[in-house]
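Asks: Take this sequence and fold it.
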Amino acid sequence: GNKMVLVIECIIICILFSLGIFIPLYKNPVGQIMSYPKKIRERVESLPQYKDCIKKKEKFHLLIKMISIFIFALILYIIAYMSGAKTFIQVFKYVFTIFFVVNLYDLLIMDLLIFRNIKKFRIPGTEDMDKEYKECWHHIRGFFIGIGIGIIVSLISTLYIQIFNIKKLQYVDWSHNEKY
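Replies: Numbering: from 1, shown residues only. Modelled structure (predicted):
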């Protein structure tokens, strides 16, 4: 039933999430510099070949994340709504469940299993920093930050219920009301 739909949605979203992270990361690891452990970021910032591109990345990083949160919240709201979640609590739980599953997948599979072990994702000039790439706490901390972001995205998703309900009210046909 509904749980199977949720499982399938989680799997599809994890696959899309993987592609959205790994394709740009594979092409240009520096593009994802803000997600790397602190010591690796500091090394990259100290390397002359990356000076210009990092300053530009930092400026747009937060703005892109903020816009993404609202877009993801809308997409997840639509998925939740199409899957039968109609109330504040239903949408919140549905969206948070999807977000939590993707966050857990990100930690266990993408960060701890893949990112830490595949050298292709290492930024040129940091290849010797094996200990820093293998370090777990950066990713575990990111997981807990992700839970907080998941709560925010879930709350924003519930706001879309209100927005779309207001839109529905505007289309109600009031003409059948009794005349006084």
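Asks: For Gly148, what are phi and psi?
Replies: Here is the backbone geometry of Gly148 (degrees, to the nearest 10): phi -60, psi -40.
Asks: what's the burial count for Ile67?
Replies: Ile67 has 11 neighbouring residues, counting by other CB atoms under 10 Å. The C-beta positions use only the backbone N, C-alpha and C, and glycine is treated the same way.
Asks: and the next element down the chain from the host helix or strand of it?
Replies: Using DSSP states H and E, the element containing Ile67 is helix 51-82. The helix or strand immediately downstream of helix 51-82 is helix 88-105, counting by DSSP H and E.
Asks: What residues does Gly77 make contact with?
Replies: To be clear, residue 77 is Tyr; Gly isn't right here. For Tyr77, the contacting residues are 91, 95, 157-158, 160-161, by CB atoms under 8 Å, 6 or more residues apart in numbering.
Asks: what about 6 Å?
Replies: Contacts here follow CB atoms under 6 Å, 6 or more residues apart in numbering; on that basis Tyr77 touches 157, 160.
Asks: Kindly report the same for Gly31.
Replies: Contacts of Gly31 were listed using CB under 6 Å, 6+ apart, and they are Pro24.
Asks: Ramachandran coordinates for it?
Replies: Backbone torsions for Gly31, taken as degrees, to the nearest 10, come to phi -60, psi -20.
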